[in-house]
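Visitor: need a 3D model of the following:
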Amino acid sequence: MNTADAAQIPETVDTLKEAAEYAVTRQSVEAFEAFEKQLNELQALVRELQQSMWQTEARQAIKRLESNQPLMPEDLNLIRTFLVSDALHYLANEKNYRDWLAELRRLLAEIALRATDITRDRVGDLRGLLEDAIRLVPSIRNYLEEKQRVERFEMAMKSMDGTARDLLVKVLAEQLSSSKH
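Guide: Down below sits the predicted model:
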């Protein structure tokens, strides 16, 4: 993939928007599964495009890593781009985290309230609230995992030894080779 392939992205996004509108209008499991598949395909396409756009700089960084030369600031930026830019931008763009926490607190209060007086008629309510909480937790956990991923990356970059350099060479080389497929 090369930067000329970037022209494919707007067309793919248009198709994605149509699939989203269809799924929202239809409100069917199958329509949302198809939409989700297209989202994942676009994500892969954009990841490969990003890797291809940075391949020259990545090769230079790999050479410096392999020869144990000091990394330049642009090398560190490149490594950050390859390894955690998705997480950095997700964290910057995610606006619902606090709402998720508030909703989880609300659900837990409702669960606690319903748990004190369980009857045959109300047990379904409790199950529905639990289902809602169960579906909310992965979004919260994902946000925290991405935050932790960025924090670990920043710590690792401050204390890079020979093993870490070898691992970075391997990861960067793998990502460069995957952008060719």
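
Visitor: ok, V171 touching L65?
Guide: No: the criterion here is Cβ atoms under 8 Å, and V171 misses it with L65 at 10.3 Å. C-betas here are computed from N, CA, C, even on glycine.

Visitor: same drill for these two, tell me which one is more crowded.
Guide: Taking neighbours as other Cβ atoms under 10 Å, V171 and L65 compare with L65 leading, 23 against 14.

Visitor: need the overlap of contacts for V171 and L65.
Guide: The overlap between the contact sets of V171 and L65 (Cβ atoms under 8 Å, 6 or more residues apart in numbering) is empty.

Visitor: what packs against the worst-scoring helix or strand of the chain on mean pLDDT?
Guide: Sorted by mean pLDDT, DSSP states H and E, the helices and strands of the chain end with helix 162-178, the least confident at a mean of 86. Applying 3 or more Cβ pairs under 8 Å, 6 or more residues apart in numbering; DSSP states H and E, one finds that helix 162-178 contacts helix 29-53, helix 55-66, helix 73-93.

Visitor: dump it to CSV, keeping only the CA atoms.
Guide: What follows is helix 162-178, C-alpha atoms only, in CSV (Å, rounded to 0.1, in the frame of the first residue of the first chain):
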residue,chain,number,x,y,z
GLY,A,162,19.6,-3.8,24.2
THR,A,163,16.7,-6.3,24.5
ALA,A,164,14.1,-3.6,24.1
ARG,A,165,15.9,-2.3,21.1
ASP,A,166,15.9,-5.8,19.5
LEU,A,167,12.2,-6.1,20.2
LEU,A,168,11.5,-2.7,18.6
VAL,A,169,13.4,-3.7,15.5
LYS,A,170,11.4,-6.9,15.3
VAL,A,171,8.0,-5.1,15.8
LEU,A,172,8.8,-2.3,13.4
ALA,A,173,10.1,-4.7,10.7
GLU,A,174,6.9,-6.9,11.1
GLN,A,175,4.7,-3.9,10.8
LEU,A,176,6.6,-2.7,7.7
SER,A,177,6.2,-6.1,6.1
SER,A,178,2.5,-6.3,6.9
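
Visitor: so which of the helices and strands packed on helix 162-178 comes closest to D117?
Guide: helix 29-53 (34.0 Å; Cβ to Cβ).

Visitor: would you mind getting the angle between that closest one and helix 162-178?
Guide: Relative orientation of helix 29-53 versus helix 162-178 (axes from the mean of the first three to the mean of the last three Cα atoms, to 10 degrees): 110 degrees.

Visitor: quick check: buried residues in helix 29-53?
Guide: Under the neighbour-count criterion of 16 or more other Cβ atoms under 10 Å, helix 29-53 has 31-32, 35, 38, 42, 45, 47-53 buried.

Visitor: could you list the low-pLDDT ranges of this protein?
Guide: For the chain, applying pLDDT under 70 flags the ranges 1-4, 179-181.
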